[in-house]
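Student: sequence plus the predicted model coming up.
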Amino acid sequence: MKKSIRIVGLLALLALVIMQFIRPDKNESDYATAVAFFEKETQPNEEVKSILRNNCYDCHSNHTKYPWYAEIAPVSYWLSDHIDEGKEHFDVSGWEQYSNKKKDHKLEELVEEVEEEEMPLSSYTWLHGNINDQEKEILINWVNTLRTQYTTE
């Protein structure tokens, strides 16, 4: 029994070491390029830009600011998965490809997720801080105003 536990432990350690050399791709395009079309079209004020930059863009654009621990597997894989999933649901870097109907729907989902406190994820807010009630209100009001440009066209 002891021998099998030791073998499993050594195999797990070996797998962990190998994982350090096989890294997921980084999501690091230029910030201005990653969000340029979205910000040009939606024209957020500086306050909203700050909220988006501090709470959304890391997982919902092609520009992620990686913390130091993102270099350590398996955390690097976990973060990569979060980013991929985040961009699958709402991707400001892909905003240009969305139809107006889809843009409106994505913005509607953004409001729902923020109101229900599903976004930002608690695993993100542990280290990055949470969006406060005032910021939520500012973001939701901006999004609701913005949605009118997609529902009236």
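Tutor: Looks like it came in fine.
Student: so where do the helices sit in the protein?
Tutor: Per DSSP state H, the chain carries helices over the ranges 2-19, 31-42, 46-55, 57-60, 75-89, 100-115, 122-128, 133-151.
Student: so which elements touch the fifth one?
Tutor: Spelled out, that is helix 75-89. Judged by 3 or more C-beta pairs under 8 Å, 6 or more residues apart in numbering; DSSP states H and E, helix 75-89 is in contact with helix 57-60. (Each C-beta comes from the backbone N, C-alpha and C, glycine too.)
Student: got a list of contacts for the helix it packs on?
Tutor: The contact list for helix 57-60 (C-beta atoms under 8 Å, 6 or more residues apart in numbering) reads 31, 34-35, 63-65, 82-83, 85-87, 89-92, 120-121, 124, 128.
Student: what subset of these is buried?
Tutor: 34-35, 63-64, 82-83, 86-87, 90-92, 120, 124 (16 or more other C-beta atoms under 10 Å).
Student: now pLDDT and distance to Glu112 too, for the residues you listed, in CSV please.
Tutor: Shown next, in CSV, are these (pLDDT from 0 to 100; distance: C-beta to C-beta, whole Å):
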residue, pLDDT, distance to Glu112
Ala34, 85, 24
Val35, 90, 22
His63, 88, 24
Thr64, 86, 24
His82, 86, 19
Ile83, 88, 21
Gly86, 89, 15
Lys87, 91, 18
Phe90, 92, 11
Asp91, 94, 17
Val92, 93, 17
Pro120, 76, 14
Tyr124, 69, 18
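Student: what stretches of the chain score poorly on pLDDT?
Tutor: Applying pLDDT under 70 to the chain flags the ranges 30, 124-129, 152-153.
Student: and which of the buried ones among the contacts of helix 57-60 is nearest to Lys101?
Tutor: Lys101 has its nearest neighbour among the buried ones among the contacts of helix 57-60 in Phe90, at 15.0 Å by C-beta to C-beta.
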